[in-house]
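Colleague: Dropping a prediction and its sequence here:
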Amino acid sequence: MADGPEALIICGTPRTGSTLLCGLLKATGYMGAPDSFYRRQSRGDWVREWGLSGQSGEAGYLAAAIRAGRGGTDLFAMRLMRENLEELQAILDGLYLGLKSDAARFDNAFGRVRYVHLARQDKLAQAVSLVRAEQEGLWHKAPDGTEIERLAPAAEPVYDFARLRAAVGQMSAFDAAWQEWFAAEGIRPLQVSYEALAGDPAGVLAGICGDLGLPMPEIGRVVPDVAKLADALSRDWMERYRHEAGQG
């Protein structure tokens, strides 16, 4: 990868399939071990996992994040949600005072970066998925039904038109903010949709591999490790929302 990207940053928003994509990339064995290293809520967990001290500072945290994101491979990979971008900008501003653009600071921090913009076309479906996860506490489960990530005790979901409408607006605003940042930084990301990823994970992975100049992994490695959570209740909420919003 001497002439190609040294880092891959998945630029996303909640409920766009980023956990699925991160799992697929890691499973190849040569595309890093992406995770949300700069998610504010997870920072303490990473500090403890990496055994960092209070004296490590941002440079020490960055070095540890790069080691973790490489996962023993030549490629660093990371997931970055739009809500965390400003915090990472501030950190890198402090580390690279002489550089005048985010793109330059990101390249200096992580190596030559290739960006993937992961977005969901159906914002209502994204909002329903987000609100249900927040209410039910379950964010991800395995294909066999085993819970992978639960952030709160189980609770019954309750339809909330106002919360759904706010979530639709918020997710749309996050995607627009990503596009504005890409344009301001002169970045042309590889565009990947949740719909394409969910429908053909192997095809999306092949596209990313081709974009990076990497071979496609053995087909046996392209096995989604998370299951879709949408069900009849999700469809009912979407239908009810459209009716109340006067969308048919």
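Modeller: Yep, it's here.

Colleague: Look up how far residue 36 lies from residue 77.
Modeller: Counting by Cβ to Cβ, to the nearest Å, the gap from residue 77 to residue 36 is 11 Å. Just so you know, the C-beta spots here come from the backbone N, C-alpha and C atoms, and that holds for glycine as well.

Colleague: which residues sit against stretch 27-36?
Modeller: By Cβ atoms under 8 Å, 6 or more residues apart in numbering, the surrounding residues in contact with stretch 27-36 are 8, 10, 21-22, 25-26, 42, 68-81, 84, 205, 208-209, 212, 214, 217, 221-223, 225.

Colleague: repeat that with 6 Å
Modeller: 22, 25-26, 42, 69-71, 73, 75-79, 217, 221 (Cβ atoms under 6 Å, 6 or more residues apart in numbering).

Colleague: hey, where'd the helices end up in this structure?
Modeller: For the chain, applying DSSP state H gives helices covering 18-27, 43-50, 57-70, 85-95, 102-110, 123-136, 161-185, 194-199, 201-212, 232-244.

Colleague: Out of those, which gets nearest to residue 148?
Modeller: Taking Cβ to Cβ, helix 18-27 is the member of the helices of the chain nearest to residue 148, at 8.0 Å.

Colleague: want to throw the helices of the chain into TSV with distance to residue 146?
Modeller: Shown next, in TSV, are the helices of the chain (distance: least, Cβ to Cβ, whole Å):
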stretch	distance to residue 146
helix 18-27	14
helix 43-50	21
helix 57-70	24
helix 85-95	32
helix 102-110	33
helix 123-136	16
helix 161-185	27
helix 194-199	19
helix 201-212	19
helix 232-244	20
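
Colleague: To residue 144, which of those helices lies closest?
Modeller: helix 18-27 (14.6 Å).

Colleague: what about the closest one, distance to the chain center?
Modeller: Relative to its chain's centre, helix 18-27 lies at 9 Å (Cα atoms, centre = their mean, to the nearest Å).

Colleague: coming back round to it: and residue 77 and residue 36? Which one has more around it.
Modeller: residue 77 (26 against 20; other Cβ atoms under 10 Å).

Colleague: close enough to count as contact, that one and residue 68?
Modeller: No. Taking contacts as Cβ atoms under 6 Å, residue 77 lies outside contact range of residue 68: 10.0 Å.

Colleague: what's near enough to touch residue 26?
Modeller: residue 33.

Colleague: Could you check how far it is from residue 6?
Modeller: For residue 26 relative to residue 6 (Cβ to Cβ), the value is 17 Å.

Colleague: Ok, residue 146 next?
Modeller: For residue 146 relative to residue 6 (Cβ to Cβ), the value is 35 Å.

Colleague: got it, and residue 53?
Modeller: For residue 53, the distance to residue 6 - Cβ to Cβ - is 28 Å.

Colleague: Same drill for those two, tell me which one is more crowded.
Modeller: Remark: of residue 53 and residue 6, residue 6 carries more neighbours, 17 against 8, as counted by other Cβ under 10 Å.

Colleague: I'm done for today, thanks for sticking with me.
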